[in-house]
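Enquirer: With the sequence up front, the predicted model follows.
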Number of protein chains: 2
Amino acid sequence: MTQTQDAAAAQAGLGRLAGPAGPAGPAELAGRSELAAGWEQRLRERLAQPESLRARKKLATRRALGLAAMRLAVDRGLDNVIVEDIAAAAGVSPRTFNNYFASKYEAICSLAMDRGRLAGCALRMRPPGEPLMDAITDAVLEPYLAAEQAPSLEWLDSWRLVVRSPELQGEYLRTLHATQYALAEAIADRILTADPRRSMFPAILAGAVTSAMQVALERWLASDPPTALAPLIRQALSELRSGWPAEITPAANSVAEGDRRPDPDQDSPDFETTP
Amino acid sequence: MTQTQDAAAAQAGLGRLAGPAGPAGPAELAGRSELAAGWEQRLRERLAQPESLRARKKLATRRALGLAAMRLAVDRGLDNVIVEDIAAAAGVSPRTFNNYFASKYEAICSLAMDRGRLAGCALRMRPPGEPLMDAITDAVLEPYLAAEQAPSLEWLDSWRLVVRSPELQGEYLRTLHATQYALAEAIADRILTADPRRSMFPAILAGAVTSAMQVALERWLASDPPTALAPLIRQALSELRSGWPAEITPAANSVAEGDRRPDPDQDSPDFETTP
DNA sequence: CGAAAATTTGCGTACTACGAAAATTTTGCT
DNA sequence: AGCAAAATTTTCGTAGTACGCAAATTTTCG
């Protein structure tokens, strides 16, 4: 088994992106509450090191593959990477790659996917008394804060690749969907609604939150003097916090041709609120 | 090439829903806001037959391919359909198929994709005085009402296939994304906020609307005595209308430890939120 | 009508996804 | 330790996919 050595070497070489702390060190997750114990366990199994050596190796291989895929794609461009390259970079056979991922796109997005699921777990671990939107904000920010603290050069390039490559769009949307689903589940558990009329509320709120994050992400990628992502997400979510303008009627007055008026008040939320 | 006609005519079971042309241009996230004047024109171009014979044929081929793909997939099962079959059913060569779609999955979802875009156009055509949520509700329902009036046997099976097949998830999410984007643009144009570029409200609302539709769709698919889809969508959107409970705080309702739900550890969760 | 433009088609190639069985590694038990 | 069972990786083979390229065909337009 000489290839394990190679794999280890490859992982060590690539390890700068993840770092010894990992892309999102679950050990640092704040505010563990007892009721979330089961979830923390599960999170730990998934993102940290499980007890079994076999499972740990498997997770390491998975990460090495995902990481190598991302790195190669960023470096060479998406079209100049084939599965064989990724497998070689991770020190496994090409066939093994497909035991972990169904496509190279899935591999590239696997880290983002993990981050999405993490948000749901993070929400479950917020203290129960915290206002919902506060909890959501903190939960959603957690993975990004962790990653920005240890900024790797590719952090922005990686996102740009994932968000802007047409071939990756499907996989990218999958990660968003996973995030949304995880958030919806966590919200549902948190608010414990018994009101049937509000039964769709968690899913709807999760959708709104995810959309806000998307917008924030887009703006971050487009920001010319590159800014930090976290404040943008905070800002986007604050727009949600500000309440749901259900009474919005479309400036009922004319949208008739040529007559554009500078918008009568309504919500027009301020934007330069730097939290 | 007389077969195109025959195939298109033969397959015209579902085919009153129309679609845009965009051959192989996936992530065309462009589409700047325009004044509503040109939109009816554009919609008409897409829905009705363009003047050019060549363009009409092209559209017919596209529809025949999408329809054949859907029909074959529903009939035989997703894995028992290959591109060659679809092309044959539509009366074109296999190579031509790939001139229209990048994958069979894309072909299968093309009708749903067209419907999504249609929602955006429909919103632009609602009378300007109408309250925003009313307009959105009607716009979003338009494609579904049309299809339920003339119910083809596959209407429900098609949706089940698209929503529940893991291989199609990426493409399905694309259609949702397209819907969301189209709605966001239309909403932005409609409410004419002071600085459209900065307000995230349209995108967030569109996200909430799309999520509500997703939930409604899930419930519809799961409804055992099959019900109509439209009322479910209406209901979901009415939950949105009812306002945004910004003041929701989870109070002290603690989660009992026996209260666990069935293990979200699995991959690719479908979107059902039934608390 | 006839030339120009667009589209379809056939062919070839690199790549992908995955089944099946053999080789290897880890685990659990004594 | 050591050995058998279970899990994982690997090798090999195959069906299918995506797409470039150039020839054939169809549509448009002067």
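Expert: Yep, that arrived. Residues are numbered from 1 along each chain as shown, chains lettered A, B, ... in the order given.

Enquirer: what's the pLDDT at A:Ala87?
Expert: With respect to pLDDT, A:Ala87 scores 97.

Enquirer: my guess is A:Glu154 meets A:Leu67, correct?
Expert: No - assessed by C-beta atoms under 8 Å, A:Glu154 is found out of contact with A:Leu67, at 10.0 Å. To be clear about C-beta, it is placed using only N, CA and C from the backbone, and glycine gets the same treatment.

Enquirer: who's more crowded, these two?
Expert: A:Leu67 (26 against 18; other C-beta atoms under 10 Å in any protein chain shown).

Enquirer: What residues sit buried inside the strand or helix carrying that one?
Expert: Using DSSP states H and E, A:Leu67 sits within helix A:53-76. Of the residues in helix A:53-76, A:59-74 count as buried by neighbour count, 16 or more other C-beta atoms under 10 Å in any protein chain shown.

Enquirer: could I get the following helix or strand past it in PDB with only the CA atoms?
Expert: Downstream of helix A:53-76, the first helix or strand assigned by DSSP H and E is helix A:83-90. The C-alpha trace of helix A:83-90 is given here as PDB (Å, rounded to 0.1, in the frame of the first residue of the first chain):
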ATOM      1  CA  VAL A  83     -11.200  13.000 -13.400                       C
ATOM      2  CA  GLU A  84      -7.900  11.300 -14.000                       C
ATOM      3  CA  ASP A  85      -6.100  14.400 -12.900                       C
ATOM      4  CA  ILE A  86      -8.100  14.800  -9.800                       C
ATOM      5  CA  ALA A  87      -7.700  11.200  -8.800                       C
ATOM      6  CA  ALA A  88      -4.000  11.400  -9.400                       C
ATOM      7  CA  ALA A  89      -3.700  14.600  -7.300                       C
ATOM      8  CA  ALA A  90      -5.500  12.800  -4.500                       C
END
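
Enquirer: and the direction of helix A:83-90 versus that of helix A:53-76, what angle?
Expert: Helix A:83-90 runs at 120 degrees relative to helix A:53-76, counting by axes from the mean of the first three to the mean of the last three C-alpha atoms, to 10 degrees.

Enquirer: Please see if the helix holding A:Leu67 touches DNA strand D.
Expert: Yes - using C-beta under 7 Å from any atom of the strand, helix A:53-76 reaches DNA strand D at A:Arg54, A:Ala55, A:Lys57, A:Lys58, A:Thr61.

Enquirer: how about these in JSON lines, adding distance to chain B?
Expert: Compiled in JSON lines, the residues of helix A:53-76 next to DNA strand D are given as follows (distance: C-beta to the nearest C-beta, whole Å):
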{"residue": "A:Arg54", "distance to chain B": "17"}
{"residue": "A:Ala55", "distance to chain B": "13"}
{"residue": "A:Lys57", "distance to chain B": "19"}
{"residue": "A:Lys58", "distance to chain B": "14"}
{"residue": "A:Thr61", "distance to chain B": "17"}
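
Enquirer: Show me which of these is closest to B:Leu141.
Expert: Nearest to B:Leu141, judged by C-beta to C-beta, of those is A:Lys58 at 47.1 Å.

Enquirer: Let me know the distance separating that closest one from A:Leu67.
Expert: 15 Å (C-beta to C-beta, to the nearest Å).

Enquirer: just A:Phe201 next, same as before
Expert: Here the criterion is C-beta to C-beta. By it, A:Phe201 lies 38 Å from A:Leu67.

Enquirer: what's the answer for A:Cys121, then?
Expert: 21 Å.

Enquirer: now swap in A:Gly77 and tell me
Expert: In terms of C-beta to C-beta, A:Gly77 sits 17 Å off from A:Leu67.

Enquirer: And for the closest residue to DNA strand D within the stretch 151-275 of chain A, the neighbour number?
Expert: Across the stretch 151-275 of chain A, the shortest distance to DNA strand D (C-beta to the nearest atom of the strand) belongs to A:Glu167, at 7.4 Å. Counted with other C-beta under 10 Å, the neighbours of A:Glu167 add up to 16.
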